[in-house]
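K.L.:
Dropping a prediction and its sequence here:
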Amino acid sequence: MAGRRTNLALLAALVVATGTGVGAFAVGTVTGRTMVVAHGVAGIAVVLLSPWKQQIVRRGLRRRRRAHRAGLVLLGLVAVTVAAGVAHAADAGPFAGVTAMQVHVTAAVLAVIPAAWHVARRPVRLRLADLDRRATVRAAALTLGAGVAWRAADALYVLGDGGPRRFTGSHERGSDAPDRMPVTQWLSDVVPDLAPGQWALEVADADGVRRLSVRDLRAAPSVTRRAVLDCTGGWFAAQTWSGVPLAAFVAGDAGRRVVVTSTTGYARAFPVEALDHLLLALDVAGAPLSPGHGAPARLVAPGRRGFWWVKWVRRISVDDLPPWAQPPFPVQ
Ligand SMILES: Nc1nc2c(c(=O)[nH]1)N[C@H]1C(S)=C(S)[C@@H](COP(=O)(O)O)O[C@H]1N2
Ligand SMILES: [Mo]
């Protein structure tokens, strides 16, 4: 009975998996948990649909002597994406220095091109009859089946002595031991070689522009805060960070957003309201930051994913642009 409706269901599952996958990267607080769960359920739905899709592919290959290449490339990439997703969930890897999450995201991003090509060449037409009772019941059964499978897999992970996992799906790495916490860059950034004496922080807000040295920052009243760094690469670490709250030396009342920029050019913009939660950390676990972890000063942004925690902060400025006027994810 495999046919058009299988293809429609598969397309829907892949679209949901892609959307929630992108969305899961933005999740920093427990309210975003649904996004992460929906991502897993959609992935399992793809797997559950595969026996039917296999019949369709077989039929297609029998009919045409030349295989539909984009379709086969897509098949391969989806298979790799799903396998790597499962490997990440099970905390398997890294394999030859490459993490399961890196494989998962790379294969998924690459799959977008053949997916678009495949759907354009073999369009699935949606008919009104596709929304009939039978189809709705099947879609509900598929979702329920995938949901139950997700729950079972999660329970298996716990039973199988799996390490601590966060609501984002991340696995624990080096909590309270910054030496064991991975040094991670978003895409292409590299750990800079900073001469400590020459570094100065530039602050530009309604009060003008000024420069602060490490000594100035060390002289300021320091606070200590417990916060979890949760990288979209799939790991997290809880640490005790110390430093100066941004609100203590950045005036946000005259602007809309605060931009935190690294010596390397890597930058993130926050709504000025975030000033109350942001910390410019100098120390972690009672010792100065290592170069890899952002020395001499890095941002601590509780409740936000790791890519917001700008390392090697060089400039903090307040301006009038809307806070969303930036790529949703860094580009560097
Ligand atoms: N300047 C700069 N800061 C950055 C990044 C980067 O590439 N460049 N990567 C971010 C990402 S993706 C994460 S998860 C954390 C990792 O911090 P760590 O290397 O101290 O573990 O730093 C963030 N800060
Ligand atoms: Mo990250």
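P.N.:
That came through fine. Ligands and ions are numbered 1, 2, ... in the order given.
K.L.:
Neighbours of the nearest residue to A149 once chain neighbours are set aside, how many?
P.N.:
Spatially, and ignoring its direct neighbours in sequence, A149 is nearest to I44 (4.8 Å; C-beta to C-beta, 6 or more residues apart in numbering). Using the backbone N, CA and C atoms, a C-beta is placed for each residue, glycine as well. Other residues within reach of I44, judged by other C-beta atoms under 10 Å, total 25.
K.L.:
Ligand 1 contacts on the stretch 101-250 of the chain?
P.N.:
Contact residues (C-beta under 6 Å from any ligand atom) of the stretch 101-250 of the chain with ligand 1: 181-186, 189, 229, 231.
K.L.:
Of those, grab the buried ones for PyMOL.
P.N.:
Burial among these is assessed by 16 or more other C-beta atoms under 10 Å; the matching PyMOL selection reads:
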select buried, resi 181+184+185+189+229+231
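K.L.:
Out of the residues of the stretch 101-250 of the chain next to ligand 1, which are close to ligand 2?
P.N.:
Among these, the ones lying near ligand 2 by C-beta under 5 Å from the ion are 184, 231.
K.L.:
In helices, which of the residues of the stretch 101-250 of the chain next to ligand 1 appear?
P.N.:
Counting by DSSP state H, these place none of their members in helices.
K.L.:
and which of the residues of the stretch 101-250 of the chain next to ligand 1 is nearest A200?
P.N.:
Taking C-beta to C-beta as the measure, A200 sits nearest to D189 out of those, at 20.5 Å.
K.L.:
can you tell me the helix or strand for the residue nearest to A149?
P.N.:
Secondary-structure assignment from DSSP states H and E places I44 in helix 33-63.
K.L.:
Give me the helices and strands touching that helix, please.
P.N.:
helix 4-26, helix 69-89, helix 133-159 (3 or more C-beta pairs under 8 Å, 6 or more residues apart in numbering; DSSP states H and E).
K.L.:
need the contact list for D91.
P.N.:
157, 162-163, 171 (C-beta atoms under 8 Å, 6 or more residues apart in numbering).
K.L.:
for stretch 206-218, how far is the first residue from the last?
P.N.:
Length of stretch 206-218, first residue to last, C-alpha to C-alpha, to the nearest Å: 23 Å.
K.L.:
now it: mean pLDDT?
P.N.:
Here stretch 206-218 scores 96 as its mean pLDDT.
K.L.:
Can you point out the buried residues in that stretch?
P.N.:
Per 16+ other C-beta under 10 Å, stretch 206-218 contains these buried residues: 212, 214, 217.
K.L.:
hang on, the earlier thing: if you rank the contacts of D91 by neighbours, which is first?
P.N.:
Going by other C-beta under 10 Å, H171 tops the contacts of D91 with 17 neighbours.
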